[in-house]
Each structure stands twice: as structure tokens, then as C-alpha cells.
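> fold the following, please.
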Amino acid sequence: MTFIIRKLSVLLLSFALAGCAGGFLPRASDQDDDSTATSDTGADVGDSGVETGVVDDDSPIFADPLDDPESPLATRVIYFDFDLASIRSEFLTMLETHAHYLVDNPAVSVRLEGHADERGSREYNIGLGDRRAQAVRRVLLFQGVADNQVSTVSYGEERAVAMGHDEQAWARNRRVELVYIR
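Numbering: from 1, shown residues only. All right, here's what the predicted structure looks like:
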């Protein structure tokens, strides 16, 4: 419900800003016999006094914040220190944002994919990836996300995003990815 109220607020604000962009709209008594007039922006103004033309803004409007690359929800990777499964403080706000989204959208679920760098045995890295995914899961559940909205899987070192054999590559591979399922 909160999500719908936020969307309606954004929509109303958009209409208000669109109306302000064109200056003052003509009153019904100022219009000719036509049911529409043209504002100084070139958009049609109907009987309601609301502009019906296209907004000049080139930025796209996204129905779901998961699809918006500018949304805080666009960040979906949490990085970990070597051989640790504790979440660094810099990722807590991001996780809180994801938790709020999931609480507001109970039909949406997320899969937490745990990863490790290439150091350590295959079995150890599978376990480490699982511990990392479980740590993220606990934070989301603590924030009020339903248990059935969160699943975990560990890929260990098998799905590296950086193929180097140095600290820079290893740091990018020590992660948990949030993969949304809609």
C-alpha cells in the first residue's frame, strides 16, 4: 500500500511540475468556443485545464524502481573482506533499501548468490559463499522481509566476475549478488 501511495505522490508531483513548466494556464472564460487551447509550451490544454502534451524531459519513467538504473535498488552486489562473511557497514543502508522494497512488494522475491575468490579449496569456498549469503539473508529478515521471499545459493569460486589472480580481481569475486525474481 505504501508503494502505491508513493507512486501516486510521484505522479501528482509530475502533473504539478508539468503545469508549472508552461506558466499560468488560461481560465475557461479566457478560451474560445473550442474545448482545447494551446499553452505557451505548445501542449493542448483540455477542459480540465491540464496540459495533455508530451513532457520535454528526455529521462525515462520507470514503473518499477528495480528497472531504474538511477534507483538505489540498482546496486545489487555486496562485497566482503578476505575469508570473512561479515557485512561491511558501507552496505547496510543499501540492504535496508532492498528490505523496504521487498516488504512493500510481497509478491517479489530475491535470490542471494554467494561467491568466493579462487583461493581455498572448492568445498571451503562453497561453504564461505553460503555463509556470506546467509549473513545477507539474516539482515533482510531482521528488516521485516518474509522468509519465503528470500532464497540462498552458493557458487563458491565457480562464477568469477574477474579472472585475474591478484587482490583487485579477488576483491571483486568475494561477493553476494541480489537477483530479483518477479
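> show me what counts as buried in stretch 127-141.
Judged by neighbour count (16 or more other C-beta atoms under 10 Å), stretch 127-141 contains these buried residues: 127-137, 139-140. C-beta coordinates here come from the backbone N, C-alpha and C atoms, glycine included.
> residues touching that stretch, excluding its own?
78, 80, 83, 85-87, 92, 95, 98-99, 102, 110, 112-116, 120, 147, 150, 152-156, 174-176, 178 (C-beta atoms under 8 Å, 6 or more residues apart in numbering).
> so which of the buried residues of stretch 127-141 sit within helices?
127-137, 139-140 (DSSP state H).
> of all these, which comes closest to Trp170?
Proximity of these to Trp170 (C-beta to C-beta) peaks at Leu128, which lies at 12.4 Å.
> hmm, back to that, mind giving me the PyMOL select for the contacts of stretch 127-141, buried ones only?
Filtering those down to the buried ones (16+ other C-beta under 10 Å) takes a single PyMOL command:
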select buried, resi 78+80+85+87+95+98+99+102+110+112+113+114+115+116+120+150+152+154+155+156+174+175+176+178
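> of the contacts of stretch 127-141, which belong to strands?
Counting by DSSP state E, the contacts of stretch 127-141 place 78, 110, 112-115, 150, 152-156, 175-176, 178 in strands.
> what's the lowest-pLDDT member of the residues you listed?
In terms of pLDDT, the lowest of the ones in strands among the contacts of stretch 127-141 is Gly156, showing 94.
> and Glu90, helix, strand or coil?
helix (DSSP: H, G, I helix; E, B strand; the rest coil).
> what's the burial count for it?
9 (other C-beta atoms under 10 Å).
> about what we covered before: could I get the buried residues of stretch 127-141 as a markdown table with pLDDT and distance to Gly164?
As requested, these are exported to a markdown table (pLDDT from 0 to 100; distance: C-beta to C-beta, whole Å):
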| residue | pLDDT | distance to Gly164 |
| --- | --- | --- |
| Gly127 | 98 | 24 |
| Leu128 | 98 | 19 |
| Gly129 | 98 | 19 |
| Asp130 | 98 | 24 |
| Arg131 | 98 | 24 |
| Arg132 | 98 | 20 |
| Ala133 | 98 | 24 |
| Gln134 | 98 | 27 |
| Ala135 | 98 | 26 |
| Val136 | 98 | 25 |
| Arg137 | 98 | 29 |
| Val139 | 98 | 29 |
| Leu140 | 98 | 31 |
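> right, I'll call it a day here.
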